[in-house]
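1. sequence plus the predicted model coming up.
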Amino acid sequence: MIKHLTKTLHRTAYTAIDPTNPSNSATGKTIVISSGATGIGFAIAHAFVAAGASVVVLLARRAEALDEAAGKLPATEAVFQDVRRRLNEGTLASEDEKDAADVDVLVTSAAYFAPHALSLDFSPDRLRESFDTNVLGNMNLVRAFLRPEMPHMPFQPVIVLDVSSITTYTVVPGVSAYGSSKLAFTRLMAHLQSEVSSSFPKIRVHSFHPGAIYTPAMQKTGFASDFIKWDDESLPAGFAVWLTSPAAAFLRGRFVFAAWDVDEMVAMKERFESEPGLCRIGLDVGL
């Protein structure tokens, strides 16, 4: 059974995380989203545009998907970029040489979801693809995003949003390659936040489970549209925008659910400050 932090759970966007809510404004910000042409990444892009972002850069491997997505959103730039390639530090989008120092928010939503199989049946190629995209690829982007900031203290907060998964800490038969690789990257992000917190306090890393969203990737993996009651894509989209607001700063370095009510979490701020292990992936020894 999944334990939830808040009493109120959501399946779709609501007022507190509405991108058009002035408290969630992204006015003047530049947002970069990996795998931004489809699914959750595209929904997040749409939400940041609604929140007033100046520029939303979509990164994806398929040029045709990028062109289609960019045509549906104003204030966007579509950049063909395979995140598995090593990027030059200081450049998030090598084709247009966009300076990473100009970026305010990086959303790492690129993911490879291998078809269901038993752990022993995953081929080396399937495992490698999972880790190449879900860990190394997304880490390429984070490195390019943050390394230019390291020599000096950023004046404005810079934020990494890790679109993670509930499979990072729950054992789900058949998705070991996906869950293990998502855990590896989310764990990397926890280490990163710990490493930069003292010297670079304006760098924020947030990891979150987006909910059960019926994306094209879910369809390709074999899930039926009536498999479960799916959450609406507006939920992770609005939640991602809210996470970049000042109100969510206390959640840096934590793992949270998009379904959890943000007003209830804000009311728990003192609890988060007094419980370092709250909403962190760790080992429960039952003491």
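-> Arrived safely, thanks for sending. Numbering: from 1, shown residues only.
2. distance check, D121 against D132.
-> From D121 across to D132, the span is 19 Å (Cβ to Cβ, to the nearest Å). No exception for glycine: its C-beta is placed from N, CA and C like everyone else's.
3. more neighbours, these two?
-> Higher neighbour count among D121 and D132: D132, with 15 against 10, using other Cβ atoms under 10 Å.
4. residues contacting the nearest residue to D104 once chain neighbours are set aside?
-> Once flanking residues are discounted, D104 sits nearest to K29: 4.2 Å by Cβ to Cβ, 6 or more residues apart in numbering. Shown in contact with K29 (Cβ atoms under 8 Å, 6 or more residues apart in numbering): 48, 53-54, 104-105, 244.
5. same deal with S181?
-> S181 makes contacts with 112, 130-131, 133-135, as judged by Cβ under 8 Å, 6+ apart.
6. quick one on the thing from earlier: quick check, pLDDT for the residue nearest to D104.
-> Here, the pLDDT recorded for K29 equals 92.
7. got it, and the one 10 residues further on?
-> pLDDT, G39: 86.
8. please report the distance of T186 from S35.
-> As judged by Cβ to Cβ, T186 and S35 stand 16 Å apart.
9. which residue ranges of this structure form strands?
-> All strands of the chain, identified by DSSP state E, fall at 30-34, 55-60, 76-80, 91-93, 98-99, 105-108, 158-163, 203-209, 255-257.
10. can I get those in JSON lines including distance to A249?
-> Shown next, in JSON lines, are those (distance: least, Cβ to Cβ, whole Å):
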{"stretch": "strand 30-34", "distance to A249": "17"}
{"stretch": "strand 55-60", "distance to A249": "22"}
{"stretch": "strand 76-80", "distance to A249": "26"}
{"stretch": "strand 91-93", "distance to A249": "23"}
{"stretch": "strand 98-99", "distance to A249": "25"}
{"stretch": "strand 105-108", "distance to A249": "13"}
{"stretch": "strand 158-163", "distance to A249": "9"}
{"stretch": "strand 203-209", "distance to A249": "6"}
{"stretch": "strand 255-257", "distance to A249": "13"}
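11. among the ones you listed, which gets the worst mean confidence?
-> Confidence, taken as mean pLDDT, is least for strand 98-99 of the strands of the chain (a mean of 50).
12. what's the burial count for T8?
-> Neighbours of T8 under the rule other Cβ under 10 Å: 12.
13. contact partners for the nearest residue in space to H10 that is not next to it in sequence?
-> Nearest non-adjacent residue to H10, counting by Cβ to Cβ, 6+ apart: A259, 5.3 Å away. Neighbouring residues of A259 by Cβ under 8 Å, 6+ apart: 4, 9-11, 209, 211, 231, 235.
14. redo that, cut-off 10 Å
-> Contacts for A259 (Cβ atoms under 10 Å, 6 or more residues apart in numbering) come out as 2, 4-6, 8-12, 208-212, 231, 235-236, 239.
15. that older thread, going by distance to E273, which of the contacts of K29 wins?
-> T244 (20.3 Å; Cβ to Cβ).
16. OK, contacts around the closest one?
-> 24-26, 29, 31, 48, 51, 53, 104-105, 107, 157, 159, 161, 204, 206.
17. and if we set it to 7 Å?
-> Counting by Cβ atoms under 7 Å, 6 or more residues apart in numbering, T244 touches 26, 105, 159.
18. wait, the first one touches V49, no?
-> No - contact criterion Cβ atoms under 7 Å: A26 and V49 do not qualify, at 8.6 Å.
19. picking that back up, mind listing which of the contacts of A259 are in helices?
-> Judged by DSSP state H, helices contain the following of these: 235-236, 239.
20. any chance of those in JSON lines, with distance to A267 too?
-> Output for the ones in helices among the contacts of A259, formatted as JSON lines (distance: Cβ to Cβ, whole Å):
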{"residue": "L235", "distance to A267": "20"}
{"residue": "P236", "distance to A267": "22"}
{"residue": "F239", "distance to A267": "17"}
